[in-house]
Each structure stands twice: as structure tokens, then as C-alpha cells.
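Enquirer: Got a sequence here, can you build the structure:
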Amino acid sequence: MKIIVGDLSDWKVRGLITEHLEQMAKISPSESVHAFNLDGLKQPDVTFWSAWENDTLLGCGALKELDDQHGEIKSMRTATSHLRKGVAKRILQHIMEEAKRRGYQRLSLETGSMKAFEPAKRLYASFGFQYCKPFSDYIEDPNSVFMTKEL
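Expert: Here you go, the predicted model:
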């Protein structure tokens with residue numbers, strides 16, 4: 001698996017982001033969807049990566065800088081045909097390594113509270129993320145859970 005800074009103009013990447021947003025819209029009420037669209041992923045405080053095996057897109061993830069010591073995991077998504085193959089684990093490891101390299105002291109995330117998000121919550125917990133109060137601009141929301149990890 002090769003993880004690279006993602007080319008948001010690549011049709012495969014754009015398709016995966018579109019799929020991600022569409023699924024989030026089906027699962028969560030619109031006011032509780034915090035996933036970035038392509039414009040959000042192009043912001044200067046966001047670094048986006050995609051994971052590939054040859055020409056096959058496996059998944060993606062992003063890191064948003066909240067301040068010089070705190071980053072947020074965004075847009076974690078595994079291509080449907082590659083679920084349960086360790087793609088998300090490798091992308092998460094990559095994002096955590098980059099956060100440490102940048103000198104962040106904390107890494108946080110928001111994910112859904114519904115059953116569909118259980119695999120994601122288990123993955124984050126397995127890496128030592130713990131549930132926390134909303135951070136940054138987030139507010140309490142019954143459809144969201146917040147997790148954080150000291151690096």
C-alpha cells in the first residue's frame with residue numbers, strides 16, 4: 001500500500017469523496033454531517049492523503065490543523081471493496097505519524113454515534129483515542145461522538 005498526498009482532481013479520489021458524502025447524508029441528519037467536501041479538503045490547513053495499490057484507490061484520510069499543537073482527523077474513508085483489509089488502520093497510522101512529526105500534542109476527531117460508525121469507533125479506541133467533549137467549533141450533538149488522544 002502506498003499512501004500519497006492526494007490529488008483531488010483524480011476522478012477516483014473525487015468519486016470516493018462523493019461516495020463518502022452521500023453515505024454520510026443517508027446515515028446522519030444534514031446538521032450532523034461534518035465530512036469535508038472537495039472544497040473543504042482543499043483548504044490550506046488541511047492535508048489530504050489517498051492510499052493506493054498500483055492503480056486501485058483503497059481509501060483516504062485527512063489532517064486538519066486546529067492550531068500548532070492540535071490536529072483533527074477528517075475524511076477517513078475506505079473504498080467499499082477494500083473494507084476490513086487494514087486500509088483505515090494504515091491511513092490512521094500515517095496521519096498519527098504526521099501529526100507527531102508536526103509536533104502536535106493532541107489529535108482529535110468527530111464521528112457518528114449511530115451503529116454504522118461502530119467499526120470506526122473501535123478502530124480509534126484501539127489506537128488509544130478516548131471519548132471527550134466537543135472540541136474546536138463543535139457543539140454537543142446526539143448524532144456525534146468526539147474522541148481525542150494525547151500524542
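Enquirer: what about the strands in the protein?
Expert: Along the chain, counting by DSSP state E, strands occupy 2-5, 46-53, 56-67, 70-78, 106-112, 130-132, 144-150.
Enquirer: and N37, what are its phi and psi?
Expert: phi -90, psi -180 (degrees, to the nearest 10).
Enquirer: Who are the contact partners of it?
Expert: 17, 21 (CB atoms under 8 Å, 6 or more residues apart in numbering). Yep, even glycine has a C-beta here, placed from its N, CA and C like the rest.
Enquirer: Next one, pLDDT for it please.
Expert: You'll see N37 listed with a pLDDT of 93.
Enquirer: so how far is D7 from D39?
Expert: To D7, D39 is 15 Å away according to CB to CB, to the nearest Å.
Enquirer: Go through the helix ranked longest in the chain and flag the buried ones.
Expert: Longest helix in the chain, counting residues (DSSP state H): helix 11-27. Within helix 11-27, the residues that count as buried by 16 or more other CB atoms under 10 Å are 13, 16-17, 20-21, 24.
Enquirer: got it, and stretch 31-41?
Expert: The neighbour-count check on stretch 31-41 (16+ other CB under 10 Å) flags 32-36, 40-41 as buried.
Enquirer: Kindly report the same for stretch 98-107.
Expert: Those would be 98-99, 104, 106-107, for stretch 98-107 by 16+ other CB under 10 Å.
Enquirer: Of the residues you listed, which pair is most distant in space?
Expert: Based on CB to CB, the longest span within the buried residues of stretch 98-107 runs between E98 and R106 and measures 14.0 Å.
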